[in-house]
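Undergrad: Fold the stuff below for me.
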Amino acid sequence: DPHNETACALQGLSQATRVIQHIDVVVGQGYPFLDDLRRQANACRVPVQVHVQTPHMAELMAEADLAVTSGGGVSWEKCTLGLPSLVTVVGDNQSLIVHELAAAGAQFSLGRAEAISADEYARALDGLDSRLLAAMSAKARGICDGQGTQRVLDHLLKDSG
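TA: Sure thing, here's the model as predicted:
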């Protein structure tokens, strides 16, 4: 996150009018703005927990009502969990998957991360309602069931034996 998109997203979430009970922010060990992020989290109007290189990512995602992420490999985990999300593109290699999952209704694409303002994050969050979140969740679950490894293993065992 060399451009500190995390701070912009947190600012947007905190200025949204929607009622938010809690925000979990997850960053990697190399996140260069950690001290600033912690100060920002402490100043938020809602409780914010900052997690650094957490081993509990699966639990955090399973407990979340909404994710705000970039469009990397986490896309498949979100689909498996049926986790609705607001998604940004941080690299050219993410554009296709972000677009296709948004077109399928499994997530909402905000576009290129560097072009998104805090106000846009807030508007996007405020534009979500329970019906849309439920539809996004169902569409996501229909894309990836998380059983691919087992299907490959079953195929390999069937062919070997």
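Undergrad: neighbours around the nearest residue to V52 once chain neighbours are set aside, how many?
TA: Excluding its sequence neighbours, the residue lying closest to V52 (CB to CB, 6 or more residues apart in numbering) is V27, at 5.8 Å. From N, CA and C alone the C-beta is placed, and that goes for glycine too. Using other CB atoms under 10 Å, V27 has 17 other residues around it.
Undergrad: OK, contacts around V27?
TA: 1, 6, 34, 37, 50-53 (CB atoms under 8 Å, 6 or more residues apart in numbering).
Undergrad: The residue nearest to D65 when sequence neighbours are not counted: neighbour count?
TA: In space, D65 comes closest to L133 once its chain neighbours are excluded; the distance is 7.2 Å by CB to CB, 6+ apart. If you count neighbours by other CB under 10 Å, L133 ends up with 16.
Undergrad: now do I23
TA: 19.
Undergrad: can you map out the helices along this structure?
TA: 5-15, 34-43, 57-63, 74-81, 95-103, 118-126, 130-143, 148-160 (DSSP state H).
Undergrad: Let me know the pLDDT of C144.
TA: Per-residue confidence (pLDDT) for C144: 87.
Undergrad: Please report the distance of the residue nearest to it when sequence neighbours are not counted from A16.
TA: Of all residues not flanking C144 in the chain, C79 sits nearest, at 3.8 Å (CB to CB, 6+ apart). Going from C79 to A16 by CB to CB, to the nearest Å gives 24 Å.
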